[in-house]
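Any chance you could fold what I've pasted below:
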Amino acid sequence: MGNDRHLEEARKRGRALVQQGLITTDQLGMCLKLMEKSPPGGPRIEDLLVQLGYLSKEERERVRSDREAEESPAREGSGASERPSARGRTPRAGKPSGGSPPASDRKGASSRRAAPRAEEKRESRAEERRESRAEERRESRSGARGQPSRGKKKVKLSRRSRVIQFAIFFSPVVVLAGVIVWRFSRSDEPAHAGNAPSPAREALADATGDSSPAHDPGGVPDAPGPDDPGPGPEEPAPLGEAEALFERALADLANPQLGAAEALASMRRVTDLVDRELEIHPSSFEARLLAGRARSLLGDVPDALVEFDFAVEARPRDAPARMARAAERFRMHWREMARLGVWWEDPVCWPHRKHLDGVIEDCREVVASGDKELARRALPYLAFAQQNPAGSLGYLKEIPELDADLYLFGGIVLHWSAWAVPTRVGPEFGGLLNGAVESYRESLKRRPHALEAWIQYSVCLADLGQTRDAAGNLEELTTLLPDDPWLQYALGRVYTLAAVIAIKGGDLEKARSLYTSSKSRLERALALNPEFTDARALRANILRRHGDTSQARRELEIVLKANDRHILALFSFASLLEKEGHPREAAETAGRALELRPTLWDLYFVQITSHLALGEIDQAQKVFEALLARSPPPDVRAKAEELLRR
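Numbering: from 1, shown residues only. As a prediction, the model looks like this:
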């Protein structure tokens, strides 16, 4: 109940700020949603608006001082009659004190008891100050200038207030008259003092190659007048131009004759045009939706998702916007899972359910909209988000013709399904990965320059062991997106996999070179995003392999401080502790990692070795039995048996 009262008070204050032109209704709605999720006794709405940048601190102080001035007469004495507020709205009458009757008519027609002269003068001065401040705020915000507030009741102003209001209302007329007088007063001046081309202007035109006439036959003065601010910034292109360019950019992305950079240039031009439109109209639904689609095709998944969030916030029932956001949420979740390398049953996946929950919400809204075409498109996403990949693939087969986006989606479903294979080896694992590769290729046939499809295709090739092709693709992508930390990390991961393959083949020199390249890419990713814990953990693992244990320990401690459930960091830290001669800590750290990922076979070896070093034969035997319960590959079982025989 306390939170309800807090929200109701926030709504009243927020509506007052909207009427004053200080904030918009969209900004008010965003703040109220944040306050609904906050516990009782949270920040006041004015403080939250300041934190979000919707309201300046000076405006907040003015609002508070106005409210205190409005409330002070009601607190000063019971004999004072109720007066209309500064915004012309009559307060609700409560139980009168001192026997004075309440106001009977809320439309401003009721009679009121006369207040003492001193009180009336004080209130009149306070009201004049409030009106003056409100007028200053309305003039300072162009969006509120000249727009009367809805629902305001007429307030009987004092004589001084009426004079001020009259002066403010007729000030533009006075300024315009001054401009006209000033213009005609210059009509008799020499030509070179006004608009005629002077020798200096002609020389400047010759030097710059400007062939435009230096004299305007219309007689517009060179110096801007009071109402003419002079030439301003270039007006943004209309949204229609951006939409037409987007259609041409889509055609370029599907044109195999164009180079990737050339094909993407027109799409980047779309984002530039839409950004200019959003500077003027930040709440434009059409501009937000178009910006999201363009950024998605450029591989900028996080920013695309932000644009779709704004679009859905503006029109919650719009089915195309919901469908676009569902697809982007799915890709965002896949990116998080791809860098972690996990499947649904893995506990590491659980904190990342938020995006899949959003996919379910959006797809259900699309299905309920009645749009059969979009509903058919939403069902595969809905089934997958509900942890039914087989059902998702079944829905895809029912669609007569798949486009590039649906082929990309199908490839991700198969790719992720391969990770559900516990051992991640064998014909089932390879078959699912090969199916994903084919689906990615079908997507790229229809849209050869789609960056997101190239990224997922390359990662899938790396999982198949085709690291050379994967690295070549990702290297080309980094030239197109040099500032994408996720892409830099993906390339560093591919180099690391290639180094492991080189070590197994006995080519240590090649492995050392690949590790160096991987470390360089990971450092680039960390320079772009210092909070990228996955890149830091992988870099620490490379440092550990190279023998730089002190630096590796420092990096791993940073990662585990940020996320004590980070799989790769726990794996590397357990191996490092065993190597440094800390068997007890190594066994405990390996146990924490195995609780999260029971198929990390090397950590069973760390535990067995550590328990044997501590003389705990029974504990080592229990670890071996736990390993057998997971049905490990034959070579893993043979190595564990050999460790126990020692």
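
Distance-wise, check the closest residue to Asn255 other than its chain neighbours relative to Cys31.
Spatial nearest neighbour of Asn255, excluding adjacent residues (Cβ to Cβ, 6 or more residues apart in numbering): Ala263 at 6.5 Å. The way it works is simple: take the backbone N, C-alpha and C, and place the C-beta from them, glycine included. Ala263 is 42 Å from Cys31, where distance means Cβ to Cβ, to the nearest Å.

Ile45 now?
Distance, Ile45 to Cys31, by Cβ to Cβ: 6 Å.

what sits in contact with each of these two?
10, 14 (Cβ atoms under 8 Å, 6 or more residues apart in numbering).

Where do the strands of the stretch 301-450 of the chain begin and end?
Ranges of strands in the stretch 301-450 of the chain, per DSSP state E, counting those that start in this stretch: none exist.

Helices of that one, residue ranges please.
Assigned by DSSP state H, counting those that start in this stretch, the helices in the stretch 301-450 of the chain fall at 301-314, 319-340, 354-368, 372-385, 389-398, 404-419, 427-446.

May I see these organised as CSV, with mean pLDDT and mean neighbour count added?
Formatted as CSV, the helices of the stretch 301-450 of the chain follow (pLDDT from 0 to 100; neighbours: other Cβ atoms under 10 Å):
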stretch, mean pLDDT, mean neighbour count
helix 301-314, 92, 20
helix 319-340, 83, 22
helix 354-368, 89, 19
helix 372-385, 91, 20
helix 389-398, 90, 15
helix 404-419, 88, 22
helix 427-446, 90, 18
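
Columns distance to Trp486 on top of these, output as TSV?
TSV is the format used below for the helices of the stretch 301-450 of the chain (distance: least, Cβ to Cβ, whole Å):
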stretch	distance to Trp486
helix 301-314	8
helix 319-340	6
helix 354-368	15
helix 372-385	21
helix 389-398	23
helix 404-419	15
helix 427-446	17
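
To Ala294, which of these lies closest?
Comparing these by their distance to Ala294 (Cβ to Cβ), the top pick is helix 301-314, with 8.0 Å.

And that closest one, what does it pack against?
The helices and strands touching helix 301-314, judged by 3 or more Cβ pairs under 8 Å, 6 or more residues apart in numbering; DSSP states H and E, are helix 25-37, helix 285-297, helix 319-340.

after the lowest-mean-pLDDT helix or strand in the chain comes which helix or strand?
When the helices and strands of the chain are scored by mean pLDDT, DSSP states H and E, helix 199-208 comes last with a mean of 39. Moving toward the C-terminus from helix 199-208, the next helix or strand (DSSP states H and E) is helix 239-253.

Can you give the contact residues for that next one?
The contact list for helix 239-253, computed with Cβ under 8 Å, 6+ apart, reads 258, 262-264, 266-267, 269-270, 273-274, 277, 284, 286-287, 290, 293-294, 297, 447-450.

between whichever helix or strand comes after that helix and helix 285-297, how big is the angle?
Using DSSP H and E, the helix or strand that follows helix 239-253 towards the C-terminus is helix 260-280. Angle of helix 260-280 versus helix 285-297, following axes from the mean of the first three to the mean of the last three Cα atoms, to 10 degrees, is 150 degrees.

Please name every helix or strand in contact with helix 260-280.
Judged by 3+ Cβ pairs under 8 Å, 6+ apart, the packing partners of helix 260-280 are helix 239-253, helix 285-297, helix 467-480.

With respect to burial, which of these scores highest?
Most buried of the helices and strands packed on helix 260-280, by mean neighbour count (mean count of other Cβ atoms under 10 Å): helix 285-297, with a mean of 24.

which ones are touching Asn388?
With Cβ under 8 Å, 6+ apart as the criterion, no residue contacts Asn388.

can I get the helices and strands packed on helix 260-280 in a markdown table with mean pLDDT and distance to Pro598?
What follows is the helices and strands packed on helix 260-280, written out as a markdown table (pLDDT from 0 to 100; distance: least, Cβ to Cβ, whole Å):
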| stretch | mean pLDDT | distance to Pro598 |
| --- | --- | --- |
| helix 239-253 | 87 | 43 |
| helix 285-297 | 92 | 36 |
| helix 467-480 | 90 | 27 |
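
on that earlier part again, ok, which of the helices of the stretch 301-450 of the chain comes nearest Phe624?
helix 427-446 (25.1 Å).

Touching the closest one from outside, list them.
254, 402-405, 407-408, 410-412, 414-415, 417-418, 421, 423, 450, 453-454, 456-457, 460-461, 463-464.

In terms of neighbours, single out the busier of Ala263 and Cys31.
Set Ala263 next to Cys31 and count neighbours by other Cβ atoms under 10 Å: Cys31 wins out with 24 against 21.

Go ahead and confirm His6 touches Leu32.
No. Contact criterion Cβ atoms under 8 Å: His6 and Leu32 do not qualify, at 10.9 Å.

ok, the nearest residue to Ala254 once chain neighbours are set aside - contacts?
Nearest non-adjacent residue to Ala254, counting by Cβ to Cβ, 6+ apart: Arg447, 5.2 Å away. By Cβ under 8 Å, 6+ apart, the residues touching Arg447 are 253-254, 404, 453.

Farthest pair within those?
Every pair in the contacts of Arg447 was compared (Cβ to Cβ); the two farthest apart turn out to be Ala254 and Ala453, at 11.9 Å.

what touches both of the two?
Shared contacts of Ala254 and Ala453, defined by Cβ under 8 Å, 6+ apart, are found at 404, 447.

Neighbour count for the two, which is higher?
Under the criterion of other Cβ under 10 Å, the comparison of Ala254 against Ala453 puts Ala453 first, with 27 against 16.

shouldn't the more buried one be in contact with Leu408?
Yes. Look at Ala453 against Leu408 with Cβ under 8 Å: they come within range, at 5.0 Å.

circling back to that earlier point, would you mind measuring from the residue nearest to Ala254 to Gly259?
15 Å.

And Ala291, by the same measure?
Distance from Ala291 to Gly259, by Cβ to Cβ: 25 Å.

got the contact list for the residue nearest to Leu514 when sequence neighbours are not counted?
Nearest in space to Leu514, with sequence neighbours left out and distances taken as Cβ to Cβ, 6+ apart, is Ala499 at 3.8 Å. Going by Cβ under 8 Å, 6+ apart, Ala499 touches 510-512, 514-515, 518.

What segments of the stretch 451-600 of the chain are strands?
Remark: no strands are assigned in the stretch 451-600 of the chain by DSSP E, counting those that start in this stretch.

thinking again about what came up before, filter the contacts of Ala499 down to the buried ones.
The neighbour count (16 or more other Cβ atoms under 10 Å) marks 511, 514-515, 518 as buried among the contacts of Ala499.

Those in helices, which ones?
Judged by DSSP state H, the subset of these located in helices is 511, 514-515, 518.

Residue ranges in the stretch 51-200 of the chain under the pLDDT threshold?
Counting by pLDDT under 70, the stretch 51-200 of the chain has low-confidence residues at 51-53, 69-200.

Now pLDDT and distance to Ala640 too, for the buried ones among the contacts of Ala499, in JSON lines please.
Converted to JSON lines, the buried ones among the contacts of Ala499 look like this (pLDDT from 0 to 100; distance: Cβ to Cβ, whole Å):
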{"residue": "Ala511", "pLDDT": "91", "distance to Ala640": "26"}
{"residue": "Leu514", "pLDDT": "93", "distance to Ala640": "29"}
{"residue": "Tyr515", "pLDDT": "92", "distance to Ala640": "28"}
{"residue": "Ser518", "pLDDT": "93", "distance to Ala640": "29"}
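
Dump those residues into CSV; add distance to Asp371 as well.
Output for the buried ones among the contacts of Ala499, formatted as CSV (distance: Cβ to Cβ, whole Å):
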residue, distance to Asp371
Ala511, 54
Leu514, 50
Tyr515, 52
Ser518, 46
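
between those, which is nearest Ser56?
The shortest approach to Ser56 among these belongs to Ser518, at 47.8 Å (Cβ to Cβ).

so the closest one sits right up against Ile542, yeah?
Yes. Applying Cβ under 8 Å, one finds Ser518 in contact with Ile542, separated by 6.1 Å.

Now for those two: what residues contact both?
Common neighbours of Ser518 and Ile542, counting by Cβ under 8 Å, 6+ apart, are Thr496.
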